[in-house]
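>>> how would this look folded up:
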Amino acid sequence: MTRIAANPIPYWSTAGKTREVFEEAFRDFQAIGFTAVKADVPDGMTAAEYAAWIAGYGLAPSLSLFSSPFDETVDLGQEVERAKRFAADQTALGLDRTMISSMAVPARMARPAVGAGYDEGRLTRAIDDCGTVCRVLAAEGLRPLHHSHVGGVFETEAEIVRLLDELGPDIIGFGPDTGHLRWAGIEPAAFIRRYADRLGGIHIKDCYADYLAPESRAGLSYHEVQRTKRLWAEPGRGVIDFGAVLAAIPDGYDGDFMIEVDEPSVDSKRESHRISYEWARATL
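Okay, the predicted model is just below:
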């Protein structure tokens, strides 16, 4: 059954992934009405302990994310071992799929959403290495879904298409983020239609128009744009056509809708998630 899930990223992005921070998020989610949360098992906690912890707030685990730069800074052997440990936790939670993404390439965090510092050799290696990790995740029981994210090796439409088309549907599925696609200049609905047969999860994220044009954010880094509170919008308040997005999702879609507002546009994290949840209940 498709659920409305939440990602507590605005709670921990500056405060850190402490037990207290997560508990604040879980209390808020429970009060708002969410029943599922992105499955992030903290270091030192077993999957069973984590499942019991979030269940105390009426929450079940939802689609998580395996993130790697997939660039020259990465030791592939270490990433493979990390992927195995990650998969063991996720499958122990009863999950059968995960997002996989590239993030935090320095040149692209400094100049986001324009494919800064493009390197053909790096992209080729990244596709190969991502494919290796995808095969490892699949062997451990998790279906990998590419998750679009500004700031990574697979940032632009051409790079994401290369990854998906070269690896193919047997190796990697599709788990888009509507906001990150739009920030990178990609029309979410059209891109979802293109890879609809591979869709296994989706992050529902909206954008304001203020900083989408590259010239509007000249000289601003990824985090500086985000901190303006005029990049990410609560769903329905920005420019993304969610009617078209929903129309592009195939009838047989069996994944969750995960609400994600990395930097709320309102002062309260709880209020941001309440607004998002009420919109989702009315729209999705």
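
>>> Now do the strands in the stretch 151-284 of the chain.
Counting by DSSP state E, counting those that start in this stretch, one finds strands in the stretch 151-284 of the chain at the ranges 173-174, 202-204, 206-207, 232-233, 257-259.

>>> among these, which is the most enclosed?
Stretch with highest mean neighbour count among the strands of the stretch 151-284 of the chain: strand 202-204 (a mean of 27; mean count of other Cβ atoms under 10 Å). Any C-beta I mention is one placed from the backbone N, CA and C, and that applies to glycine too.

>>> starting at the chain centroid, how far to it?
7 Å (Cα atoms, centre = their mean, to the nearest Å).

>>> which other helices and strands contact that strand?
Helices and strands touching strand 202-204, by 3 or more Cβ pairs under 8 Å, 6 or more residues apart in numbering; DSSP states H and E, are helix 178-183, strand 257-259.

>>> if we go to 6 Å?
In terms of contacts (3 or more Cβ pairs under 6 Å, 6 or more residues apart in numbering; DSSP states H and E), strand 202-204 is packed against strand 257-259.

>>> mind checking which of the strands of the stretch 151-284 of the chain is nearest residue 265?
Closest to residue 265 of the strands of the stretch 151-284 of the chain, according to Cβ to Cβ: strand 232-233, at 5.5 Å.

>>> hang on, the earlier thing: CSV please, covering the strands of the stretch 151-284 of the chain and showing mean pLDDT and distance to residue 44.
As requested, those are exported to CSV (pLDDT from 0 to 100; distance: least, Cβ to Cβ, whole Å):
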stretch, mean pLDDT, distance to residue 44
strand 173-174, 98, 31
strand 202-204, 96, 27
strand 206-207, 97, 35
strand 232-233, 96, 31
strand 257-259, 95, 25
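
>>> okay if I get the ones you listed as CSV plus distance to residue 223?
As requested, the strands of the stretch 151-284 of the chain are exported to CSV (distance: least, Cβ to Cβ, whole Å):
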stretch, distance to residue 223
strand 173-174, 27
strand 202-204, 19
strand 206-207, 16
strand 232-233, 12
strand 257-259, 21
